[in-house]
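Colleague: coordinates only, sequence not included:
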């Protein structure tokens with residue numbers, strides 16, 4: 001799926017909602033636990049109830065791989081089900097991989113060939129050769145961590161001092177006041193295109209979105225943190241929407257765990273629809289639909 005095709009889905013559904021399938025087996029409704037594959041049954045119900053409103057699904061791989069082979073089976077069944085029942089939906093492996101080139105090549109094979117995901121989140125710390133193998137697959141995307149919303153993000157990502165002092169010691173004075181996340185955004189654009197690279201920017205970093213857009217005006221941004229984590233959909237959208245939308249806004253717990261009862265799928269649909277309706281209005285305000 002390229003950028004044009006993704007934008008077409010956004011316009012068709014009047015939505016840029018990504019539903020995060022952070023399917024913690026300890027949090028899914030208890031009545032599912034007697035099923036052969038409780039996590040898949042949970043995901044299936046969520047997908048069935050939200051696919052009308054979502055343009056993307058993002059399983060967080062940690063919640064699957066921690067369960068060993070059973071978890072990988074649940075994940076594979078989930079992706080196969082999405083491809084079968086909602087083939088237009090963009091799929092994201094939230095795996096945050098990133099290693100030397102030959103290892104990244106195996107990660108790319110795992111998620112793009114064996115699992116048939118459309119994209120994967122990757123960490124850029126090891127540089128271009130750790131990202132390159134993910135970009136060798138036509139129609140697939142690397143979603144690069146740029147500015148996250150966790151408390152420790154300020155240790156490196158927004159820090160000017162540590163990066164700047166090292167540049168001074170080396171006698172380099174260009175870009176001394178540039179925070180590291182801006183360097184990541186700028187450099188990573190040299191590795192790929194707007195059709196195979198996105199960036200992760202946390203929703204709780206809304207004050208930075210305008211600056212992110214000044215550095216990466218045309219790339220899609222995957223924005224987690226709306227909903228339970230407190231990110232503002234309106235603030236992010238006003239600052240981040242571009243001429244082809246350019247945003248995938250993720251909500252996980254606020255949708256999938258909105259209810260612990262047997263009505264969980266219906267409540268998830270309600271929460272997804274609420275976000276979709278807000279997104280439709282924001283797209284109209286931007287004259288994108």
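Modeller: Thanks, I have the structure now. Keep in mind that what you see is a predicted model, and the values were worked out from it rather than measured.
Colleague: so what secondary structure elements neighbour the strand or helix carrying residue 183?
Modeller: Using DSSP states H and E, residue 183 sits within helix 180-188. The contact analysis (3 or more C-beta pairs under 8 Å, 6 or more residues apart in numbering; DSSP states H and E) places helix 180-188 against strand 141-147, strand 197-201, helix 206-215. Glycine gets a C-beta too; all of them are placed from N, C-alpha and C.
Colleague: one more time with 6 Å
Modeller: Here helix 180-188 touches strand 141-147, helix 206-215, going by 3 or more C-beta pairs under 6 Å, 6 or more residues apart in numbering; DSSP states H and E.
Colleague: what about the helices in the stretch 101-250 of the chain?
Modeller: 101-108, 128-131, 153-156, 161-169, 180-188, 206-215, 233-240 (DSSP state H, counting those that start in this stretch).
Colleague: nearest to residue 250, of those helices?
Modeller: helix 233-240 (10.8 Å; C-beta to C-beta).
Colleague: which residues sit against the closest one?
Modeller: With C-beta atoms under 6 Å, 6 or more residues apart in numbering as the test, helix 233-240 has contacts from 203, 206, 209, 210, 221, 223, 226, 247, 278, 282.
Colleague: returning to what we had before: looking at the helices and strands packed on helix 180-188, spot the one closest to residue 77.
Modeller: Residue 77 lies closest to strand 141-147 among the helices and strands packed on helix 180-188, at 22.6 Å (C-beta to C-beta).
Colleague: how near is the residue nearest in space to the middle of the chain to residue 159?
Modeller: Nearest to the mean C-alpha position of the chain, by C-alpha atoms, centre = their mean, lies residue 222 at 4.4 Å. Distance, residue 222 to residue 159, using C-beta to C-beta, to the nearest Å: 22 Å.
Colleague: State which helix of this protein is the longest.
Modeller: Counting by DSSP state H, the longest helix found in the chain is helix 264-285.
Colleague: mean confidence for that helix?
Modeller: Per-residue pLDDT values over helix 264-285 give a mean of 98.
Colleague: Check which residues of that helix are buried.
Modeller: For helix 264-285, burial by neighbour count (16 or more other C-beta atoms under 10 Å) applies to 264-265, 267-273, 275-276, 278-280, 282-283.
Colleague: With stretch 203-217 instead?
Modeller: Judged by neighbour count (16+ other C-beta under 10 Å), stretch 203-217 contains these buried residues: 203, 204, 205, 206, 208, 209, 211, 212, 213, 215, 216.
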